[in-house]
Structures are given as C-alpha cells and as structure tokens.
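# Prediction below, plus the sequence it came from.
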Amino acid sequence: MSSKTVKDTYVIMHELVLPNDTNLLGNVLGGRVMHLMDMCAAMSAFKHARSAVVTASVDQLDFLAPAKKGDIMILKSSVNFTGRSSMEVGVRIESENPKTGNIHHTASAYLTFVSINDNGNPQKVEEITAETNAELRRYAEGKARYIDRKNRKKSKKQ
C-alpha cells in the first residue's frame, strides 16, 4: 500500500455557538463540543481511509476554556498515527469572539477510528507520512498512545 501525508487529512470546521447549544451560564454544552469533535475527527479519518469509519475510542478529552454563546468555534483535525486498521486523529478546538477577534484554546482530544469494509469488518489502512517537525512529534506521541491503548486492551482481556 502507498502512503498518504498528514496534510491530506486536514479538516477545519467553523461552528457558531447558538443559544440552544449552551447551558444556563451561556457556555457551550460539553456534549455539543464532543459531537462536533467526533464529526471533525471522523472527516479526517474518512479522508485518509476513503471508507466508512467508526469511532473506537476517545482519549484525554480536555476542556480548557468555555466557548460562549455567540462565539465561533474553530475545529481542526488531522490523522496523527495509523495502525493496521486504526487511525489516531488529533482535534483542537478554539473559540473566537467575533467582536474582539480574541481566540482561546477551548478543548483538545485524541480519537481513534477504525476503517470498515463493506461487510462491516475492520480493514487495513495506508500508513500516514509525517513531514513537518510538528507532525513527526505528533506521530511519535500517537504511536506511544497506540501502544498504550493496545496494552490496556490486552490487560482487560486477561
């Protein structure tokens, strides 16, 4: 199989935080953030696998600062690392105040997706090629998390 680059998997989404997306404090609901994060990450995985993909896990979802009603949420994702049939996708969310232009890092997470064939079974994905220093760092960190996830899964089966 050939290799694809990380930049081939880049996705950027923008979402306006509306009143129905917020809690009583005017902050975006965590579940809404998770939904958008899953959608953005799934598009990166889909762009890489070019097949149906399913969410297998979410690692280390950190809510760092609230996005407020009226803010623009900016979601960025790309594939960090690939296993046999899985892909780790990193997602970063920032919120922008459209009046001031101030941007805050709102949330980050790592999601694992599995490529699925027409019979509903996992299928092999192409390797990802990291090119920049940041991509190489994320690849190495993603590989370490991949190994850790495999070890955790193995220990749960015992």
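That came through fine. Every value quoted in this text rests on a predicted model; they were computed, and no experiment measured them. Residues are numbered from 1 along each chain as shown.

# Work out for me the element the residue lying closest to residue 113 once chain neighbours are set aside sits within.
Setting aside the residues directly before and after it, residue 113 is nearest to residue 45 in space (C-beta to C-beta, 6 or more residues apart in numbering), at 3.7 Å. (C-beta placed from N, C-alpha, C; glycine too.) Using DSSP states H and E, residue 45 sits within helix 30-49.

# From the contact counts, what lies against that helix?
Counting contacts by 3 or more C-beta pairs under 8 Å, 6 or more residues apart in numbering; DSSP states H and E, helix 30-49 is packed against strand 11-16, strand 52-63, strand 72-82, strand 86-96, strand 103-116.

# What residues does residue 71 make contact with?
16, 17, 28, 95, 96, 97, 98 (C-beta atoms under 8 Å, 6 or more residues apart in numbering).

# Now do the helix holding residue 45: distance to the chain's middle.
From the chain centre to the centre of helix 30-49 is a distance of 6 Å (C-alpha atoms, centre = their mean, to the nearest Å).

# Next one: residue 2, what pLDDT does it get?
For residue 2, the pLDDT comes out at 58.

# Same check on residue 6?
With respect to pLDDT, residue 6 scores 97.

# pretty sure it contacts residue 136?
No: judged on C-beta atoms under 8 Å, residue 6 makes no contact with residue 136 at a distance of 9.4 Å.

# Is it possible to get TSV of the contacts of residue 71 that adds neighbour count, distance to residue 10 and pLDDT?
Formatted as TSV, the contacts of residue 71 follow (neighbours: other C-beta atoms under 10 Å; distance: C-beta to C-beta, whole Å; pLDDT from 0 to 100):
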residue	neighbour count	distance to residue 10	pLDDT
16	11	21	98
17	22	23	98
28	25	23	97
95	25	20	98
96	17	19	98
97	14	24	97
98	10	23	97
